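S.K.: predicted coordinates and the sequence they were generated for:
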Amino acid sequence: MKQRILTVTEMRQLTPDVFEMKLTGIEDASILPGQFVNLSISNLFLRRPISVCDANGNELKLVYRVVGEGTERLRQYKAQDTVDVLVELGNGYDLTRSGEQPLLIGGGVGVPPLYYLARTLIGQGKQVTAILGFNKAEECFYEEEFQKLGVKTIVTTVDGSYGQKGFVTDALPEVYSYFYACGPMPMMKALYQKTTTSGEFSLEERMGCGFGACMGCSIQTKNGPKRVCKEGPVFRKEDLLWDD
């Protein structure tokens, strides 16, 4: 974990309630796909954890949904504002297990952390497929960004207003070597039951500290209690208690 004061360079609105923030100042940090950062927001006691969408050179990219006071204040930041950020938090995805045809599955704001993962896997010469799931067309984002990486990209919407109608589980390909998933819990539990290979899930829990001290984000696994912020947020399918 490292603490850095980063500078906002750009804020972009992607959907009615989803925003992309670019920051600079991470040149000496080693941020891995699947890790998250913890932002200090003015006049709020607890930091806000946000998954890393991309980390490239000196630039950090975050994509988040406005859901409460903290993210509403974050939305109001503008270029040249500074943010106190804890970086290199949590354990990321295990790229050594990906195989040659990894499958990435994201739902809603579970899509952003898969972008950095996709870019890294493409850089390793893997044949990457991504399924991006949303409720309706106006909520869709980042399809073009994944396609520009060279990722075979499938978009699903529950109401059928864009892409393939249905859930991400309705778009699973017959062949893939390993999967990586991030999204709402009902989606991930459905994937747990329907996926045919081993894989990894990035979980979300309410975090007090973000680095393992308060134990507030602990979950039960097949290997005992684990902290989502420390031993996670990424857990292997075989470790989770979702069999029932």
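M.R.: All right, it came through fine.
S.K.: next, count neighbours for the nearest residue to M215 once chain neighbours are set aside.
M.R.: Of all residues not flanking M215 in the chain, R227 sits nearest, at 6.4 Å (Cβ to Cβ, 6 or more residues apart in numbering). C-beta coordinates here come from the backbone N, C-alpha and C atoms, glycine included. The tally of other residues near R227 (other Cβ atoms under 10 Å) stands at 21.
S.K.: what about the chain, any weak spots by pLDDT?
M.R.: Within the chain, the stretches with pLDDT under 70 are 208, 244.
S.K.: and the residue nearest the centre of it?
M.R.: The chain has P113 as the residue nearest its centroid, 2.9 Å off, counting by Cα atoms, centre = their mean.
S.K.: my read: V83 touches V8, true?
M.R.: Yes. Assessed by Cβ atoms under 8 Å, V83 is found in contact with V8 at 6.6 Å.
S.K.: now do the shared contacts for those two.
M.R.: Taking Cβ atoms under 8 Å, 6 or more residues apart in numbering as the contact rule, V83 and V8 both touch L23, Y77.
S.K.: higher neighbour count, those two?
M.R.: Counting neighbours by other Cβ under 10 Å for V83 and for V8 shows that V83 has the greater number, 21 against 17.
S.K.: dig out what the more buried one forms beta bridges with.
M.R.: Here V83 shows beta-bridge partners L6, assigned using DSSP bridges.
S.K.: ok, now which ones touch it?
M.R.: I5, L6, T7, V8, L23, L39, S40, I41, Y77.
S.K.: and T96, which of the three is it?
M.R.: helix (DSSP: H, G, I helix; E, B strand; the rest coil).
S.K.: where exactly do the helices run in the protein?
M.R.: Along the chain, the segments classed as helices by DSSP state H run 69-75, 112-123, 143-149, 185-194.
S.K.: for stretch 21-31, list the C-alpha coordinates in CSV.
M.R.: Output in CSV follows, covering the C-alpha atoms of stretch 21-31 (Å, rounded to 0.1, in the frame of the first residue of the first chain):
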residue,chain,number,x,y,z
MET,A,21,-11.9,10.0,-13.9
LYS,A,22,-8.3,10.2,-15.1
LEU,A,23,-5.5,11.1,-12.6
THR,A,24,-1.7,11.4,-12.8
GLY,A,25,1.0,10.8,-10.3
ILE,A,26,1.4,7.0,-10.0
GLU,A,27,4.7,6.6,-11.8
ASP,A,28,6.3,4.7,-8.9
ALA,A,29,3.3,2.5,-8.1
SER,A,30,2.9,-1.1,-9.2
ILE,A,31,-0.9,-1.5,-9.7
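S.K.: buried residues, stretch 24-31. List them.
M.R.: Within stretch 24-31, the residues that count as buried by 16 or more other Cβ atoms under 10 Å are G25, I26, A29, I31.
S.K.: quick check: the second one touching N56?
M.R.: What it means is I26. No. When contacts are counted by Cβ under 8 Å, I26 is not listed as touching N56 (9.3 Å).
S.K.: list the contacts of the residue sitting furthest away from the middle of the chain.
M.R.: In the chain, counting by Cα atoms, centre = their mean, N43 sits farthest out from the average C-alpha position, at 26.1 Å. By Cβ under 8 Å, 6+ apart, the residues touching N43 are R73.
S.K.: hmm, back to that, and the residue nearest to M215, what does it touch?
M.R.: With Cβ under 8 Å, 6+ apart, R227 has these contacts: G212, M215, C217, S218.
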